[in-house]
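> Model the following, please.
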Amino acid sequence: MTGATGVRGAESGGVVAGPGAAGVRGAESGGVVAGSGATGVRGAESGGVVAGSGAAGVRGAESGGVVAGSGAAGVRGAESGGVVAGSGAAGVTGTRPSSPIAARVEVVRPAAADDRGKVRAATAVTVGEDEAVFPGHYPGFPIFPGVCVIECVHLSGLRTPPPGAAGLELVAVESTRFLSPVFPGDRLEVDLVWTGGSGTWRCAAKVATERGAAAQVRLRFTAEEA
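Residues are numbered from 1 along each chain as shown. So this is what the prediction gives:
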């Protein structure tokens, strides 16, 4: 072990190896954490494996989860048997689209053309008090970060694809405007308007809480045309 700082092995059979590791903790049972320059990496509770170079804030799954790859940031494995792998993955969860939030999207109105021909959809997202971002953003005064509001729009778009579009994939955040803070327990109402076609779609969303407008977000997606 070279230059290790605050490294702790596992209680039973855990292995922590690699130069320059900082704040690395092995798993409780058989967990393995390895690689160069790992920061704040924690193995899984049971048999989890976290490996790769430059991993930051990576956490293995509760049971048998595997997280691997180079440059992964904020990656968390699934609760049971989830596998997350790849290079440069950000905010990846094992069993749902890449996401740093736990909140689920409720489809209020699927995407459909209105009487003016615009393709509209609506969703709702309740921000739980147990979101992982709140303890640090900010201690004693939790605020839902703007990037998480954008993610709510992203997930809303995936849940309400425009008619004829399949396999939506986010390729750009074109614009954002945050108008008021979002707090734990808020219910976000997301109104989306889809424009485009032929493999490229834009989603213009307005996000509101019971206190009024919270954000305006414009995203660009690619899609397979059915």
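> From here on, just use CA atoms for contacts and neighbour counts.
Noted.
> Helices of this structure, start to end?
Per DSSP state H, the chain carries helices over the ranges 146-159.
> in it, which segments are predicted with low confidence?
When residues are selected by pLDDT under 70, those of the chain lie in 1-98, 226.
> how about the strands in it?
Taking DSSP state E to define them, one finds strands in the chain at 15-17, 32-34, 49-51, 66-68, 83-85, 105-113, 119-126, 165-178, 187-197, 200-209, 212-225.
> now the ones you listed as TSV including distance to residue 99?
Listed next are the strands of the chain as TSV, based on distance: least, C-alpha to C-alpha, whole Å:
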stretch	distance to residue 99
strand 15-17	28
strand 32-34	23
strand 49-51	19
strand 66-68	15
strand 83-85	12
strand 105-113	12
strand 119-126	14
strand 165-178	12
strand 187-197	17
strand 200-209	18
strand 212-225	15
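> Tabulate those in a markdown table, adding columns for mean neighbour count and distance to residue 135.
Converted to a markdown table, the strands of the chain look like this (neighbours: other C-alpha atoms under 10 Å; distance: least, C-alpha to C-alpha, whole Å):
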| stretch | mean neighbour count | distance to residue 135 |
| --- | --- | --- |
| strand 15-17 | 20 | 27 |
| strand 32-34 | 25 | 25 |
| strand 49-51 | 26 | 24 |
| strand 66-68 | 26 | 24 |
| strand 83-85 | 20 | 25 |
| strand 105-113 | 16 | 22 |
| strand 119-126 | 22 | 18 |
| strand 165-178 | 15 | 21 |
| strand 187-197 | 21 | 20 |
| strand 200-209 | 22 | 22 |
| strand 212-225 | 19 | 21 |
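> Quick one: closest of these to residue 159.
Between residue 159 and the strands of the chain, the tightest spacing by C-alpha to C-alpha is seen for strand 105-113, at 7.1 Å.
> picking up where we left off before, relative to residue 150, which of the strands of the chain is closest?
The nearest among those, by C-alpha to C-alpha, is strand 212-225 at 6.7 Å.
> Show me what that closest one packs onto, helices and strands only.
Secondary structure elements in contact with strand 212-225, counted by 3 or more C-alpha pairs under 8 Å, 6 or more residues apart in numbering; DSSP states H and E, are helix 146-159, strand 165-178, strand 200-209.
> can I get those in TSV with distance to residue 125?
Formatted as TSV, those follow (distance: least, C-alpha to C-alpha, whole Å):
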stretch	distance to residue 125
helix 146-159	7
strand 165-178	17
strand 200-209	10
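> Let me know which of those is the nearest to residue 223.
strand 165-178 (4.5 Å).
> Run through who's touching that closest one.
Applying C-alpha atoms under 8 Å, 6 or more residues apart in numbering, the contact partners of strand 165-178 are 146, 150, 154, 158, 161, 197, 199, 214-226.
> try stretch 190-200
Applying C-alpha under 8 Å, 6+ apart, the contact partners of stretch 190-200 are 118-125, 153, 156-157, 162, 165, 201-208, 220-225.
> got the buried residues for stretch 141-158?
Buried residues in stretch 141-158, defined by neighbour count with 16 or more other C-alpha atoms under 10 Å: 142-146, 148-158.
> ok, of these, which one's closest to residue 112?
Of all the buried residues of stretch 141-158, the one sitting nearest residue 112 is residue 157; the distance, using C-alpha to C-alpha, is 12.8 Å.
> quick one: contacts for that closest one?
For residue 157, counting by C-alpha under 8 Å, 6+ apart, the contacting residues are 192, 203.
> 10 Å instead?
In this structure, residue 157 makes contact with 105, 111, 121-123, 151, 168-170, 190, 192-194, 202-205, 219-221, judged by C-alpha atoms under 10 Å, 6 or more residues apart in numbering.
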